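Asker: predicted coordinates and the sequence they were generated for:
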Amino acid sequence: MIKLEHLYKSFEDKEVLKDINAVFNDGEVNLIIGQSGSGKTVLMKNIVGLFEPTKGRIFYDDRDFSAMSKKEKIFLRREMGMIFQSAALFDSMNVLDNVMFPLDMFSDMPYEDRKKRALECLARVNLQGAENKFPGEISGGMQKRVAIARAIVLEPKYLFCDEPNSGLDPKTSIVIDELISGITHEDKITTVVNTHDMNSVMGIGENITFICEGRAAWQGSNKEIMDADNKALDEFIFASDILRQAKQLHDQQKNNKL
Amino acid sequence: MLLIGKGLTQLGRYLQLMGRVFSQPDRWRMFMKQYVTEMFQLGYNSIPIVLIISFFIGAVICLQIKLNIQSAWMPRMVVGYTTREIMLLEFSSSIMCLILAGKVGSNIASEIGTMRITQQIDALDIMGVNSANYLILPKIVGLMTIMPILVTFSVCSGIIGAYATTLIGATYVSELNEGFRYDFNQWFFWCGMIKAIFYAFVITSVSSYKGYTVEGGSVEVGKASTDAVVHSSILVLFSDVFLTNILT
């Protein structure tokens, strides 16, 4: 479980995050949603330690991340996996070497075992046969799947995904969402996904935190989001015609039942 | 005043980065792998340009001295002697490093800068890898290791270039032989080596710093690459003055 307590982050005199309180549960897909520029990415960078919060505390299973020394933070990071918006694969390495990299750095396993483990992870994301290709030779969706394989190769306790569906077509986005959700439930990982993809919100959002103007404006599940009483959330979620109609239908059905 | 403040800030950030670079590698096996790769990429791949430039510069120095310095009042061996001393003391160390600052410096800054803007460095940090140490230390140690070999190749190629002038009848083998052997001071060779190793550190560390601290997009990477070449070239020339004064 990851817990945020009164988290603030400022850049010079601009306050980007304001008193964020949130809990991200174990074995669940926790989504951080919000408009572009609302502070989602800054929040995630604070959680993983790429930024230092101005104020507030972050707990990883009751371990206070904010109070840790640099060395302790480095060790904790070895329990994290992260999938970046751009996949962030190492250009100079092929797919297999990319996935093997965390094992090469932190595992004492012999080469054959490391390779076997990396191939297992590639099979898990349906990328058998692509191990000798370089990142520049594969599609965006495949790159994201390689990034997932690399993120899970060390069996992390916490998985972070920064807009994993960015730049992908809807069908591939669903594949990526299902992979993330499947891995989270099978491995009991605490997964935090940063997204503004409504398909992800409705499909895999078990615990959703809505960020609006740097504040955590709403927290709940995808089942509760239809009935949420929050104007900013409604405007954000139901901005498209299809979702607005779905909402109207949902409200009608609810009124009929009453 | 503002310029001094900015310079001191840059120096402080550079020293902080070097503090992270010169720490124990997370995994020696990975360091050695990177070290060999960097020696190949930065050093081995530079051998052709070093050989070509040194060959022609050696030939041109020889011709210039023959045409402008040698006279009836000068001994015949002055052509070979002066060519050898220029190659050993300045060209193969300082000027060759200036050329390498262009090739290697821009390569390093753009490679690391691109890794920065595509979040590859963030990915390393999230994994708990000391990204500065993993990316920069092998480059610094790699080029410092291979630099003496490049200097040796440069001196040899320059001397071959000087001999090549005999083919167009500009000089004679006998006068070059005599000059190249005359009053050889071994220390001059070691001076060139020491200077080149120091410049290798300057080029790799400054270029890595420029690349590592890039913020923005491709335009900033291009600017960092240019800055890397300009700053490392100026630092090479600046330190040349002091090293020459100290060593010779």
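Answerer: Ah, there it is. Residues are numbered from 1 along each chain as shown, chains lettered A, B, ... in the order given.
Asker: for the closest residue to B:M39 other than its chain neighbours, give me its contacts.
Answerer: Nearest non-adjacent residue to B:M39, counting by CB to CB, 6 or more residues apart in numbering or on different chains: B:G142, 4.2 Å away. (Each C-beta comes from the backbone N, C-alpha and C, glycine too.) Each residue near B:G142 by CB atoms under 8 Å, 6 or more residues apart in numbering or on different chains is listed here: B:Y35, B:V36, B:T37, B:E38, B:M39, B:Q41, B:L42, B:G43, B:T204.
Asker: rerun that using 7 Å as the cut-off
Answerer: B:Y35, B:E38, B:M39, B:L42, B:G43 (CB atoms under 7 Å, 6 or more residues apart in numbering or on different chains).
Asker: cool, B:Y212 as well?
Answerer: Applying CB under 7 Å, 6+ apart, the residues near B:Y212 are B:L17, B:I112, B:R116, B:A132.
Asker: what's the most distant pair in these?
Answerer: Greatest spatial distance among the contacts of B:Y212 (CB to CB): B:L17 and B:R116, at 12.3 Å.
Asker: for A:G56, give its distance to chain B.
Answerer: 20 Å (CB to the nearest CB, to the nearest Å).
Asker: hang on, that residue in a strand?
Answerer: Yes - according to DSSP: H, G, I helix; E, B strand; the rest coil, A:G56 belongs to a strand.
Asker: ok, how many other residues are close to it?
Answerer: 17 (other CB atoms under 10 Å in any protein chain shown).
Asker: next, A:V23: phi, psi?
Answerer: phi -130, psi 130 (degrees, to the nearest 10).
Asker: hmm, back to that, B:L17 and B:R116 - which one has more neighbours?
Answerer: B:R116 (22 against 17).
Asker: which helix or strand contains the more buried one?
Answerer: helix B:106-117 (DSSP states H and E).
Asker: for the stretch 51-200 of chain A, what lies in contact range of chain B?
Answerer: Residues of the stretch 51-200 of chain A lying close to chain B by CB under 7 Å from any CB of the partner chain are A:74-75, A:77-78, A:80, A:82, A:84, A:86, A:88, A:90, A:102, A:104-105.
Asker: so which of those sit within helices?
Answerer: Judged by DSSP state H, the subset of those located in helices is A:I74, A:F75, A:R77, A:P102, A:D104, A:M105.
Asker: for chain B, which residues are neighbours of chain A?
Answerer: Applying CB under 7 Å from any CB, we find that chain B lies next to chain A at B:26-27, B:30, B:118-120, B:122-123, B:125-129.
Asker: farthest pair within these?
Answerer: B:R27 and B:T118, at 23.2 Å, using CB to CB across these.
Asker: between those two, tell me which one has more neighbours.
Answerer: Between B:R27 and B:T118, counted using other CB under 10 Å, B:T118 has the larger neighbour count: 19 against 16.
Asker: how about that one, what does it touch?
Answerer: A:S86, A:A88.
Asker: again, 6 Å this time
Answerer: A:S86 (CB atoms under 6 Å, 6 or more residues apart in numbering or on different chains).
Asker: tell me, what residue is most central in chain B?
Answerer: B:C97 (2.8 Å; CA atoms, centre = their mean).
Asker: next, format the ones in helices among the residues of the stretch 51-200 of chain A next to chain B as CSV and append neighbour count and pLDDT.
Answerer: Listed next are these as CSV, based on neighbours: other CB atoms under 10 Å in any protein chain shown; pLDDT from 0 to 100:
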residue, neighbour count, pLDDT
A:I74, 17, 83
A:F75, 11, 85
A:R77, 20, 86
A:P102, 24, 92
A:D104, 16, 92
A:M105, 19, 90
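Asker: for those, which one is nearest chain B?
Answerer: Each of these was checked against chain B using CB to the nearest CB; the closest is A:R77, at 3.8 Å.
Asker: how about that closest one, nearest residue that isn't a chain neighbour?
Answerer: Per CB to CB, 6+ apart, closest to A:R77 is B:G128, 3.8 Å.
Asker: list the contacts of that neighbour.
Answerer: Taking CB under 6 Å, 6+ apart as the test, what B:G128 contacts is A:I74, A:R77, A:R78.
Asker: redo that, cut-off 7 Å
Answerer: A:I74, A:F75, A:R77, A:R78.
Asker: what do you get for A:I204?
Answerer: A:V29, A:D177, A:I180, A:S181.
Asker: which of those sit farthest apart?
Answerer: Farthest apart among these - using CB to CB - are A:V29 and A:D177, which lie 8.4 Å from each other.
Asker: more neighbours: those two, which one.
Answerer: Applying other CB under 10 Å to A:V29 and A:D177 shows that A:V29 carries more neighbours, namely 28 against 24.
Asker: so how far is B:R29 from the residue lying closest to A:E155 once chain neighbours are set aside?
Answerer: Spatial nearest neighbour of A:E155, chain neighbours left out: A:D187 (6.8 Å); criterion: CB to CB, 6+ apart. Distance, A:D187 to B:R29, by CB to CB, to the nearest Å: 28 Å.
Asker: tell me which of these two has more neighbours.
Answerer: Legend: neighbour count by other CB under 10 Å for A:D187 and B:R29, higher for A:D187 (14 against 10).
Asker: ok, now how distant is the more buried one from A:K133?
Answerer: Distance, A:D187 to A:K133, by CB to CB: 26 Å.
Asker: same question, B:G113
Answerer: 25 Å.
Asker: again, but for A:I33
Answerer: For A:I33 relative to A:K133 (CB to CB), the value is 33 Å.
Asker: so between the two, which is more surrounded?
Answerer: A:I33 (25 against 15).
Asker: just give the nearest non-adjacent residue to the more buried one, would you?
Answerer: Spatial nearest neighbour of A:I33, chain neighbours left out: A:F210 (5.4 Å); criterion: CB to CB, 6+ apart.
Asker: adjacent strands (with direction) for the helix or strand encompassing that neighbour?
Answerer: Element membership of A:F210 [criterion: DSSP H and E] is strand A:207-212. Paired strands of strand A:207-212, with direction, are strand A:29-33 (parallel), strand A:215-220 (antiparallel) (DSSP bridges).
Asker: can you mark which positions in the longest one are buried?
Answerer: Read that as strand A:215-220. Residues of strand A:215-220 classed as buried: A:R215, A:A216, A:A217, A:W218, A:G220 (neighbour count, 16 or more other CB atoms under 10 Å in any protein chain shown).
Asker: so what's the third one up against?
Answerer: Right, A:A217. With CB under 7 Å, 6+ apart, A:A217 has these contacts: A:F210, A:I211, A:N230, A:A232, A:L233.
Asker: against B:V236, how distant is it?
Answerer: 56 Å.
Asker: the second one now?
Answerer: Applying CB to CB, the value for A:A216 to B:V236 is 53 Å.
Asker: picking that back up, so how far is the strand holding A:F210 off the chain centroid?
Answerer: 13 Å (CA atoms, centre = their mean, to the nearest Å).
Asker: contact partners of that strand?
Answerer: A:22, A:24-25, A:28, A:30-34, A:38-40, A:43, A:201, A:216-222, A:225, A:232-233.
Asker: who's in contact with the closest residue to A:P170 other than its chain neighbours?
Answerer: Leaving aside its sequence neighbours, A:P170 sits nearest to A:N199 (CB to CB, 6+ apart; 6.5 Å). Taking CB under 7 Å, 6+ apart, we find A:N199 in contact with A:P170, A:S173, A:I174.
Asker: same thing with A:L168?
Answerer: A:L168 touches A:G140, A:G141, A:K144, A:I176, counting by CB under 7 Å, 6+ apart.
Asker: would you list every one of the helices in chain B?
Answerer: Counting by DSSP H, the helices of chain B are B:2-21, B:28-38, B:47-68, B:78-86, B:96-100, B:106-117, B:120-127, B:131-164, B:173-181, B:186-212, B:218-247.
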